[in-house]
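Visitor: Next one to model:
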Amino acid sequence: MPPALPFFDIQPQLATPIYRQVMEQVQRQVAGGQLRAGDELPSVRAVAERHAINPMTVSKAYSLLEAQGLLERRRGVGMVVAAGVPTAGGDADRLALLAPALESAAQQARELGIPPEAALAAFERLLHPDPKETP
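Guide: Have a look, this model is predicted:
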């Protein structure tokens with residue numbers, strides 16, 4: 001059963017190209033175990049329509065992931081996570097995928113003059129939100 005849309009969190013305002021956002025999100029979901037071998041990805045058309053982006057952008061991301069061996073095309077089904085792809089990698093593998101976002105956040109904190117302790121406290125709150133504060 002394909003994952004429910006919205007499957008991707010596309011943020012056009014970021015400096016990261018949209019195709020890279022799609023690729024990195026698939027890589028993280030596979031590494032984190034949310035996607036496993038054989039799981040279907042949403043169609044190019046569904047992703048493009050949902051996020052109002054060019055279908056060629058989604059197709060490029062899927063094709064590059066296919067070239068990396070992470071995805072495979074199945075006739076009549078579409079793109080699926082390739083068989084034999086390890087999921088739920090070790091902590092080091094998953095942290096390596098998180099590193100670019102942390103580097104960006106650290107740079108922004110430095111530019112804003114936020115002390116490291118305050119930035120870490122803000123990150124901790126985001127990791128463990130208080131359920132009483134969420135609607």
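
Visitor: And the contacts of the helix or strand bottoming out on mean pLDDT in the chain?
Guide: Scoring the helices and strands of the chain by mean pLDDT, DSSP states H and E places helix 91-112 at the bottom, with a mean of 82. Residues outside helix 91-112 that contact it (Cβ atoms under 8 Å, 6 or more residues apart in numbering): 24, 27-28, 31-32, 116, 119, 123. Backbone N, C-alpha and C define where each C-beta goes, glycine included.

Visitor: Buried residues in that helix, which are they?
Guide: The neighbour-count check on helix 91-112 (16 or more other Cβ atoms under 10 Å) flags 97, 109 as buried.

Visitor: cool, and stretch 12-29?
Guide: Here stretch 12-29 shows 18-27, 29 as buried, counting by 16+ other Cβ under 10 Å.

Visitor: Just give the closest residue to the most centrally placed residue in the chain, not the sequence neighbours.
Guide: In the chain, the residue lying closest to the centroid (Cα atoms, centre = their mean) is Gln25, at 1.4 Å. Nearest residue to Gln25, sequence neighbours excluded (Cβ to Cβ, 6 or more residues apart in numbering): Phe8, at 5.3 Å.

Visitor: For burial, what's the neighbour tally of the one you found?
Guide: Neighbourhood size, Phe8 [other Cβ atoms under 10 Å]: 22.

Visitor: and it, that's in a helix?
Guide: No - using DSSP: H, G, I helix; E, B strand; the rest coil, the secondary structure at Phe8 is coil, not a helix.

Visitor: looking at it, it is touching Tyr19, isn't it?
Guide: No - Phe8 is beyond contact range of Tyr19, at 10.9 Å (criterion: Cβ atoms under 8 Å).
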